[in-house]
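> this is a predicted model, with the sequence first.
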Amino acid sequence: MKCLGYIWIRTKVKIIAMNENVALRSALDKNLKSAVTTAFLMLPESFSEEDLFIEIAGLSYSGDFRMVVGEDKTKVLNIVKPNIAHFRELYGSILQENPQVVYKIQQGRLEIDKSPEGQFTQLMTLPKTLQQQINHVMDPPGKNRDVEETLLQVAHDPDCGEVVRRGLSAIVRPSSMKQSTKGIFTAGMKKTVVYSSLKLHKMWKGWLRKTS
């Protein structure tokens with residue numbers, strides 16, 4: 001009887017672990033997609049894989065998509081150039097499955113829908129915290145517009161990418177640091193965010209060793 005109880009407990013523990021792993025992988029995938037969408041909004045209609053990966057690396061260089069580190073372009077470039085194949089492996093399926101993207105793999109180039117409708121779709125899939133920051137950037141004091149209304153305006157703005165960049169910058173200002181640790185790209189369990197951050201941090205450390 002004790003043996004059966006032990007087996008039942010072990011089985012239950014394995015099931016819980018499997019469920020947690022599925023949730024964590026899903027969260028990491030969500031983070032990767034969020035980074036891609038954010039980068040799309042800050043890039044022109046046509047761009048190279050390298051352009052995209054540099055933009056993404058600028059968001060995630062610290063190992064956490066909540067942080068924006070884009071000042072040292074040379075440092076980011078030194079990570080991206082020798083590791084294009086790694087970036088393709090990490091983001092390739094996301095790019096190929098995105099209906100708004102024409103991914104010319106052989107040429108290493110991409111085209112993204114830059115129509116107001118296309119940009120609005122992208123803006124609506126951004127993490128809620130970033131959407132709120134964009135709303136704060138665009139919303140005059142006292143007007144208190146709906147976030148969706150603001151995003152629609154931004155989608156029609158020729159400087160849409162710059163507005164998104166300003167929203168990101170606002171997140172990492174010292175006054176916003178405490179809030180950002182609650183989760184920007186993953187609005188779920190703290191464990192999920194930590195797992196994603198550690199996973200990405202480990203990946204970057206491995207690539208840095210290869211490029212140093």
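On my side now, so go ahead.
> which secondary element of this protein has the worst mean pLDDT?
helix 177-180 (a mean of 46; mean pLDDT, DSSP states H and E).
> helix, strand or coil for the closest residue to Val102 other than its chain neighbours?
Computed as C-beta to C-beta, 6 or more residues apart in numbering, the closest residue to Val102 that is not its neighbour in sequence is Glu111, at 4.2 Å. From N, CA and C alone the C-beta is placed, and that goes for glycine too. What DSSP: H, G, I helix; E, B strand; the rest coil gives for Glu111 is strand.
> quickly list what Glu111 is bridged to.
Beta-bridge pairing for Glu111 (DSSP bridges): Ser46, Val102.
> buried residues, stretch 163-170. List them.
Val163, Val164, Arg165, Gly167, Leu168, Ala170 (16 or more other C-beta atoms under 10 Å).
> quick one: which of these is nearest to Leu130?
Distance to Leu130 across the buried residues of stretch 163-170 (C-beta to C-beta) is lowest for Gly167, with 5.6 Å.
> which helix or which strand is home to that closest one?
Per DSSP states H and E, Gly167 falls inside helix 160-172.
> check Leu151 too.
helix 147-155.
> contacts for that helix?
By C-beta atoms under 8 Å, 6 or more residues apart in numbering, the surrounding residues in contact with helix 147-155 are 116-117, 119-120, 123-124, 131-132, 134-135, 138-139, 160, 163-164.
> just the buried residues of those.
Buried members of these, counted by 16+ other C-beta under 10 Å: Gln119, Phe120, Leu123, Gln131, Gln132, Ile134, Asn135, Met138, Asp139, Cys160, Val163, Val164.
> and Leu28, how close does it get to Ser34?
Distance of Leu28 to Ser34, given as C-beta to C-beta, to the nearest Å: 11 Å.
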